[in-house]
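Enquirer: Sharing a model prediction with you, sequence too.
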Amino acid sequence: MAWGILFLAGLFEVGWAIGLKQTDGFTRLVPTLLTLAAMAASLGLLGLALKSLPLGTAYAVWTGVGTVGTVILGILLYGESADAVRLGCIALIMAGIVGLKLVTP
């Protein structure tokens, strides 16, 4: 259950990272409120996951999910680079997330 909560926390991290771009420097009310809500949800869920997962593992997975998701959405939504080296680096982050899951009880 903690891993599912942690993954959901990572998805909310993606939401607030993308939301930051939409706030236009916190000048747009609705995107700003949604971004702040996603931040609160992300941190709250991370806190719940930390009840049963090791801190270093949970934090690394949380930021990894956020990083991978944000890069993918950056490519899809904003036309950011999808060159082979960048995608290879993202694959390494994903491998790290899977590896941490496999070695953590």
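Expert: Sure thing, it's come through. Residues are numbered from 1 along each chain as shown.

Enquirer: who touches the most centrally placed residue in the chain in this structure?
Expert: What sits nearest the mean C-alpha location of the chain, by CA atoms, centre = their mean, is G66, with 1.5 Å. G66 sits next to G10, E13, V14, A17, S42 when contact means CB atoms under 8 Å, 6 or more residues apart in numbering. C-beta coordinates here come from the backbone N, C-alpha and C atoms, glycine included.

Enquirer: let's go with 10 Å and repeat that
Expert: The contact partners of G66, taken as CB atoms under 10 Å, 6 or more residues apart in numbering, are A9, G10, L11, F12, E13, V14, G15, W16, A17, S42.

Enquirer: Check those residues and tell me the two furthest apart.
Expert: Greatest spatial distance in the contacts of G66: A9 and A17, 12.7 Å, computed using CB to CB.

Enquirer: Now list whatever residues contact both of those two.
Expert: Contacts common to A9 and A17, judged by CB under 10 Å, 6+ apart, are S42, G66.

Enquirer: quick one, which of the two is more surrounded?
Expert: Using other CB atoms under 10 Å as the criterion, A9 and A17 rank with A9 on top: 24 against 20.

Enquirer: What is the helix or strand containing L87 packed up against?
Expert: Following DSSP states H and E, one finds L87 within helix 84-103. With contacts defined as 3 or more CB pairs under 10 Å, 6 or more residues apart in numbering; DSSP states H and E, helix 84-103 has these neighbours: helix 2-22, helix 55-78.

Enquirer: on that earlier part again, now the residue nearest to the centre of the chain. Nearest residue, chain neighbours left out?
Expert: Closest residue to G66 apart from its sequence neighbours, by CB to CB, 6 or more residues apart in numbering: E13 at 3.4 Å.
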